[in-house]
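Q: What shape does this take:
(one chain, ligands or ions: 2)
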Amino acid sequence: MNKIVVSGGRTLQGKVTVSGAKNAVLPIIAATLLAEEGKSIIEDTPRLTDVETIYQVLRHLGVKVTAEGSTLTMDAGEIPAWDAPYEYVRQMRASFLITGPLLARTGHARLSLPGGCSIGSRPIDLHLKGLAALGAQIEIGHGIIDVYSDGLKGNRIYLDFPSVGATENIMMAAALAQGSTIIENVAEEPEIVDLANFLNSMGGHVTGAGTNIIKVDGAKVLRGATHTVIPDRIEAGTFMVAVAAAGGDVLVANVIEDHLKPVVAKLKEAGVEITEESDGIRVKSGGRLYAVDVKTLPYPGFPTDMQAQFMALMAVCQGTSIVTETVFENRFMHVNELKRMGANVNIEGHSAVVKGVQRLTGAPVKATDLRAGAALIIAGLVAEGNTEIGCTYHIYRGYEDIVEKFNSIGADIRRAED
Ligand SMILES: CC(=O)N[C@H]1[C@@H](OP(=O)(O)OP(=O)(O)OC[C@H]2O[C@@H](n3ccc(=O)[nH]c3=O)[C@H](O)[C@@H]2O)O[C@H](CO)[C@@H](O)[C@@H]1O
Ligand SMILES: C=C(OP(=O)(O)O)C(=O)O
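A: Ligands and ions are numbered 1, 2, ... in the order given. All right, here's what the predicted structure looks like:
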């Protein structure tokens, strides 16, 4: 089923429950490599192709992995291999997150170099700079990267940019290094805090997660632990923006309101009625909303992973919105697809100027990346007629049961063959 077809024009009503966060569970699964003793049990794991890819990488390394519903169990007592081949890394850049823990645990990690992707060139220099500061030797050739160490040692590391992945890789390597590591200018995303909590429940000593300086005191041994993954703030934000665009009244359940502050603030500014309730966030929208400007920034700024969906909403608001992308250099591939549906958007450098139109019209379009796909579903919900979205494998990387969840709140959306 490689297409999703959305028939537009319906308002959304009811309740939708958010799954565990993709961007939290991926580093946490990588971190289970650090457990020399005991099993790690990860609850609320979303069923996503990205999750499947990372646990296949762990299986390839010799970790015993079992999946039952939303619970993953990992036994990393023995790790006979130390490589992640291209077939995995090309499917998912986050495979690179195994580098730090694998190196710390076995003294060697070999991975294919992750390439760029449709949202940017996405270098890994900061990951490598951090691992080198901990004493790793790095060799690169023929598209392969080998990272070795005969014992990592704590150090002081300053990141030139608060990279989420680099912060995670360095934290995981430092968790088994000798002595203390201080990492400055780190990412403050909630997923970093979730990883730190998991490392600490394994017997690690991580403090400062959620601020811009993290301290890791290396442990001699880490043990498997049980952990429940935080809810996915990007999935929650996607449903909130969808309700704002299509109109209706939906309770988005299983959310941490604090993680959604920038998205809530922008939706309120646009005229959406949002109330916090005991079991989630209620989103009410009717009539036409107002255009607002948005600029993506590292957390707690507006998330780049919500930029495309927000642009789909802005495409049908009253007025002109400037959407500025500062995290990735090329995250506007969805613009041409939205334009095929009648959106009036022009890219000017790092900004997109979105002039709201009265209506969009359904068209055949292509998901160029995960969040671009989500944006096209939102555009499809408000468009006249049918929107046929191709390359849906991008969408299934990051949204569990997205078709079923949208249908359950009244959308007319289905999977289809080419
Ligand atoms: C699996 C996961 O959690 N993915 C998220 C993670 O990706 P990811 O961890 O790849 O994103 P980063 O925070 O590392 O990237 C942010 C910026 O830093 C640059 N950079 C990064 C590393 C490096 O060594 N050198 C460098 O220059 C990148 O090219 C990019 O321009 O954070 C992004 C930013 O919130 C999100 O969009 C992704 O959904
Ligand atoms: C860019 C994303 O993910 P990844 O870093 O896994 O490509 C995303 O979740 O929007």
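Q: Going by C-alpha atoms from here, please, whenever you check contacts or count neighbours.
A: Fine.
Q: Which parts of the stretch 301-418 of the chain are helices?
A: Secondary structure of the stretch 301-418 of the chain (DSSP state H, counting those that start in this stretch): helices located at 307-314, 334-340, 370-382, 393-396, 402-408.
Q: Need the three-state assignment for the residue in the stretch 51-200 of the chain positioned nearest to ligand 2.
A: Here the stretch 51-200 of the chain gets closest to ligand 2 at one residue, residue 94, 5.5 Å apart by Cα to the nearest ligand atom. Applying DSSP: H, G, I helix; E, B strand; the rest coil to residue 94 yields a three-state assignment of helix.
Q: I'd like the distance from the closest residue to it other than its chain neighbours to ligand 1, if you could.
A: Once flanking residues are discounted, residue 94 sits nearest to residue 26: 7.1 Å by Cα to Cα, 6 or more residues apart in numbering. Residue 26 sits 6 Å away from ligand 1, taking Cα to the nearest ligand atom, to the nearest Å as the criterion.
Q: hang on, the earlier thing: so the residue of the stretch 51-200 of the chain closest to ligand 2 is in contact with residue 24, correct?
A: No: in this structure, residue 94 is not within contact of residue 24 by Cα atoms under 8 Å, at 11.0 Å.
Q: mind listing what the nearest residue to residue 171 once chain neighbours are set aside touches?
A: Distances taken as Cα to Cα, 6+ apart put residue 216 closest to residue 171, at 6.8 Å, once the chain neighbours are dropped. Contact analysis of residue 216 by Cα atoms under 8 Å, 6 or more residues apart in numbering lists 171, 174-175, 180-182, 204-207.
Q: Next one: residue 216 relative to ligand 2, how far apart?
A: For residue 216 relative to ligand 2 (Cα to the nearest ligand atom), the value is 24 Å.
Q: partner strands of the strand or helix carrying that residue, parallel or antiparallel?
A: Using DSSP states H and E, residue 216 falls within strand 213-217. Using DSSP bridges, strand 213-217 pairs in its sheet with strand 180-184 (antiparallel), strand 205-207 (antiparallel).
Q: Those into a markdown table, with extra columns for distance to residue 4 and mean pLDDT?
A: Below are the strands paired with strand 213-217 laid out as a markdown table (distance: least, Cα to Cα, whole Å; pLDDT from 0 to 100):
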| stretch | distance to residue 4 | mean pLDDT |
| --- | --- | --- |
| strand 180-184 | 43 | 98 |
| strand 205-207 | 43 | 98 |
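Q: returning to that earlier point: give me the sheet partners of the helix or strand just after the strand holding residue 216 and which way each runs.
A: For strand 213-217, the following helix or strand on the C-terminal side (DSSP H and E) is strand 222-223. The pairing partners recorded for strand 222-223 under DSSP bridges are strand 35-37 (parallel).
Q: Quick one: distance of the strand it pairs with to the chain centre.
A: 27 Å (Cα atoms, centre = their mean, to the nearest Å).
Q: Mind listing residues that contact it?
A: 75-78, 202, 221-224.
Q: ok, back up a step: for the residue nearest to residue 171, give its distance to residue 209.
A: Distance, residue 216 to residue 209, by Cα to Cα, to the nearest Å: 10 Å.
Q: does any part of stretch 287-300 sit near ligand 2?
A: No: on the criterion Cα under 6 Å from any ligand atom, stretch 287-300 is out of touch with ligand 2, staying 12.6 Å away.
Q: For that stretch, output the C-alpha coordinates as CSV.
A: What follows is stretch 287-300 as a C-alpha-only set of coordinates in CSV (Å, rounded to 0.1, in the frame of the first residue of the first chain):
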residue,chain,number,x,y,z
GLY,A,287,-13.8,29.5,10.6
ARG,A,288,-10.7,30.9,9.0
LEU,A,289,-7.5,31.4,11.1
TYR,A,290,-4.9,34.2,10.9
ALA,A,291,-1.5,33.9,9.4
VAL,A,292,1.4,34.1,11.9
ASP,A,293,5.2,34.0,11.3
VAL,A,294,7.2,31.1,12.6
LYS,A,295,11.0,30.4,12.9
THR,A,296,12.4,27.0,13.7
LEU,A,297,15.0,26.8,16.4
PRO,A,298,16.5,24.1,18.7
TYR,A,299,14.2,23.3,21.7
PRO,A,300,12.6,25.1,23.4
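Q: who touches the helix or strand of the chain with the lowest mean pLDDT?
A: The weakest-scoring helix or strand in the chain, judged by mean pLDDT, DSSP states H and E, is helix 86-89 (a mean of 86). Helix 86-89 is contacted by residues 53-54, 57, 95-96, 111-114 when judged by Cα under 8 Å, 6+ apart.
Q: same deal with stretch 410-418?
A: In contact with stretch 410-418 (Cα under 8 Å, 6+ apart) are residues 1-8, 10-14, 381, 403, 406-407.
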